[in-house]
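**Student:** sequence unavailable; structure follows:
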């Protein structure tokens, strides 16, 4: 992060914006530099260097989420070409655990933010609704590695899940009523009362800088 | 000139000391105990330095002295547990939660790439290169550090360079001389003597302290010795205790000269670069070698590349297809005294050797393990994994299924599909598909 004093100003600013401690920020900065090859920004191609990520069936969606303008709070649709360290931290902050010392309102807000991140991952065309096509797309990606599952099974799984979502959100439908898609409010309704905490956070350790000699 | 005479005198005394105190004892395999005293003093100094740091600063050290220090606590629970929590029926939106969390964990900290950079030390060892975070604590400590730098660069480095030069030249001369003899018992005996003496000198050149454990399991003739790979020094460390047949590529330059002279004294297997690609040719030559039971054991590093000594990566199955008895050996360096890992993308061989020669010492443990053979119904890959686990357990290293070649290449598609297969098995296998949907 440089030896200049202005760097610590930046760190404090980032601390305030994202909620990470300065040591965590420093560690993440090192990781950022490793991923970007010492460049100031990261592009999509840089994520190809993470072997552990290759195993993940939805890696393309995860990588996409880093560049999604909605997650970066820079717009309502579209993808950025490259992100800098602040954007990197913004995305990371979606996965911070919910602090137990926060009050009820803040907890709800955090939860909503996390669910919104997930919603954006499903809603790839940014129209505010998860349509049947988009849902099918996600299921197919999750199951894509297995040659024994035909496309039909994947589709029927998606259809079944969509039906269930529809019954939760809209209730009984008329026979010719078409369910257009899950909106964000419907999405929240599905998750009401269910604790997503353990599923959607990454435990960042408290780093104490070891005082070491030369 | 007085100056020249003085310099001449100093040089003369210096060489005599070196000869008397180091060369002769190592030729006979005897130790005068000077290095032990040196190590004791070193350890005491470093402990004092660490203590000063810890009392000098109010903070406590929170990080464990573990092999890899990470920033996140990974959720190690298997996929089934991770997904089952919110699962009410076959498929839920929640599964995406699990995978995005895993994906983010991978992006923040990735097990594999960590292994290709040097281990970060938790305690103090007065070497800037292994401690990334440092703070100014006290003038006394800084003085000790300055003294350390002077000692390392001005006293130890010239000594070690001298020894290295002597060692290598003796080796080349010795093997060439021995190579003149016809192939008989005397030649083998002499070549062993030359090998061992020169290796011992070279190890002293690095201030190496090696502890051999379980020497009763030393690799026997006609077997294959398999070890984890951290740096080119591994070869030196193993050959100090016994002679092996090396396998490897032909190099140019100094390495090439050493290789060619080695071949004169006893048969090693050197390949041209083009031949290495032809796996069958390689395996055939190795098989021929083993078939002659009287030959020295072959030394192979199945990882294929240098790893940073905190873990053991995938063993390539080629070495395990040859047959014969495998003698596993685990090598673990003590990072406190010097970092032995060769990061070939960061340093070339010369700067690497210079770094090693200006560290305090190279301290390592070598464990010989009981021989293993391939069992009935076990294929080469499973056998390789079995040997790898044994070495990892013995050396106290973690085990990773990843290929060392990832240092330079990308993940193979077969690995990527594994996880997806597991996941889809869970979806389809557990619940019943709602087939009445249409």
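**Tutor:** In hand now; what should we look at? All values reported here derive from a predicted model rather than from experimental measurement.

**Student:** next helix or strand past the worst-scoring helix or strand of chain B on mean pLDDT?
**Tutor:** None of the helices or strands of chain B scores lower by mean pLDDT, DSSP states H and E than helix B:79-84, at a mean of 54. Counting by DSSP states H and E, the element after helix B:79-84 in chain order, helix or strand, is helix B:94-108.

**Student:** centre of the chain to that following helix, how far?
**Tutor:** Offset of helix B:94-108 from its chain centre (Cα atoms, centre = their mean, to the nearest Å): 33 Å.

**Student:** hmm, that helix in reach of chain A?
**Tutor:** Yes. Counting by Cβ under 8 Å from any Cβ of the partner chain, contacts between helix B:94-108 and chain A involve B:94-108. Bear in mind the C-beta positions are built from the backbone N, C-alpha and C, glycine included.

**Student:** so where's chain A uncertain?
**Tutor:** Counting by pLDDT under 70, the ranges of chain A that qualify are A:1-7, A:99-100, A:144-149, A:169-179, A:193, A:197-200, A:203-214.

**Student:** please enumerate the strands of it.
**Tutor:** When assigned using DSSP state E, the strands of chain A occupy the ranges A:42-43, A:82-83, A:129-130, A:182-183, A:203-204.

**Student:** okay, now the closest residue to residue B:247 other than its chain neighbours: neighbour count?
**Tutor:** Excluding the flanking residues, the one nearest residue B:247 by Cβ to Cβ, 6 or more residues apart in numbering or on different chains is residue B:269, at 4.8 Å. Using other Cβ atoms under 10 Å in any protein chain shown, residue B:269 has 15 other residues around it.

**Student:** in contact with residue B:152, which residues?
**Tutor:** By Cβ atoms under 8 Å, 6 or more residues apart in numbering or on different chains, the contact list for residue B:152 reads B:358-360.

**Student:** wait, residue A:97 sits on residue A:196?
**Tutor:** No. Between residue A:97 and residue A:196 there is no contact under Cβ atoms under 8 Å: 11.4 Å.

**Student:** neighbour count winner among those two?
**Tutor:** residue A:196 (17 against 13).

**Student:** helix/strand/coil for the residue nearest to the spatial centre of chain B?
**Tutor:** In chain B, the C-alpha nearest the mean C-alpha coordinate belongs to residue B:230, at 2.0 Å (Cα atoms, centre = their mean). Using DSSP: H, G, I helix; E, B strand; the rest coil, the structure places residue B:230 in coil.

**Student:** okay, it: pLDDT?
**Tutor:** On pLDDT, residue B:230 comes in at 86.

**Student:** what's the spacing between it and chain A?
**Tutor:** 20 Å (Cβ to the nearest Cβ, to the nearest Å).

**Student:** ok, for that residue, nearest residue in space, not its chain neighbours?
**Tutor:** Distance criterion Cβ to Cβ, 6+ apart; nearest residue to residue B:230, sequence neighbours excluded, is residue B:309 at 4.4 Å.

**Student:** that neighbour in helix, strand or coil?
**Tutor:** On the basis of three-state DSSP, residue B:309 is classed as coil.

**Student:** right, and it touches residue B:341 too?
**Tutor:** Yes. Residue B:309 is in contact with residue B:341 according to Cβ under 8 Å; the separation is 5.7 Å.

**Student:** which of these two has more residues huddled nearby?
**Tutor:** Between residue B:309 and residue B:341, counted using other Cβ under 10 Å, residue B:309 has the larger neighbour count: 26 against 23.

**Student:** contact partners for that one?
**Tutor:** B:119, B:228, B:230, B:331-333, B:335, B:340-341, B:397.

**Student:** now tabulate the residues you listed in a markdown table and tack on distance to residue A:26 and secondary structure.
**Tutor:** Below are those laid out as a markdown table (distance: Cβ to Cβ, whole Å; DSSP: H, G, I helix; E, B strand; the rest coil):
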| residue | distance to residue A:26 | secondary structure |
| --- | --- | --- |
| B:119 | 19 | coil |
| B:228 | 32 | coil |
| B:230 | 28 | coil |
| B:331 | 33 | strand |
| B:332 | 30 | strand |
| B:333 | 28 | strand |
| B:335 | 22 | coil |
| B:340 | 27 | coil |
| B:341 | 24 | coil |
| B:397 | 28 | coil |
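
**Student:** tell me the one of these nearest residue B:280?
**Tutor:** If you rank those by distance to residue B:280 using Cβ to Cβ, residue B:228 comes first, at 25.9 Å.

**Student:** related to what we said a few turns ago, looking at the residues of helix B:94-108 next to chain A, spot the one nearest residue B:280.
**Tutor:** Looking across the residues of helix B:94-108 next to chain A and measuring by Cβ to Cβ, the closest to residue B:280 is residue B:106, at 36.9 Å.

**Student:** what about the closest residue to the closest one other than its chain neighbours, distance to residue B:104?
**Tutor:** The shortest distance from residue B:106 to any non-neighbouring residue, by Cβ to Cβ, 6+ apart, is to residue A:52 (3.7 Å). To residue B:104, residue A:52 is 11 Å away according to Cβ to Cβ, to the nearest Å.

**Student:** between the two, which one's more packed in?
**Tutor:** Neighbours around residue A:52 and residue B:104, counted as other Cβ under 10 Å, are more numerous at residue B:104. The numbers are 23 against 20.

**Student:** show me what contacts that one?
**Tutor:** A:62, A:92, A:95, A:202.

**Student:** and residue A:102, by the same measure?
**Tutor:** By Cβ under 8 Å, 6+ apart, the neighbours of residue A:102 are residue A:110.

**Student:** now residue B:237
**Tutor:** Applying Cβ under 8 Å, 6+ apart, the residues near residue B:237 are B:203, B:208, B:210, B:331, B:364, B:366.

**Student:** in TSV: the residues you listed, plus distance to residue B:322, neighbour count and pLDDT.
**Tutor:** Below are those laid out as TSV (distance: Cβ to Cβ, whole Å; neighbours: other Cβ atoms under 10 Å in any protein chain shown; pLDDT from 0 to 100):
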residue	distance to residue B:322	neighbour count	pLDDT
B:203	29	22	81
B:208	30	23	76
B:210	28	16	83
B:331	22	24	90
B:364	27	22	86
B:366	23	21	91
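
**Student:** and which of those is nearest to residue A:80?
**Tutor:** Using Cβ to Cβ, residue B:331 is the member of the contacts of residue B:237 that lies nearest residue A:80, at 46.8 Å.

**Student:** what about the closest one, distance to residue B:320?
**Tutor:** Distance from residue B:331 to residue B:320, by Cβ to Cβ: 19 Å.

**Student:** do the same with residue B:385
**Tutor:** 10 Å.

**Student:** between those two, who's got more neighbours?
**Tutor:** Applying other Cβ under 10 Å to residue B:385 and residue B:320 shows that residue B:320 carries more neighbours, namely 26 against 17.
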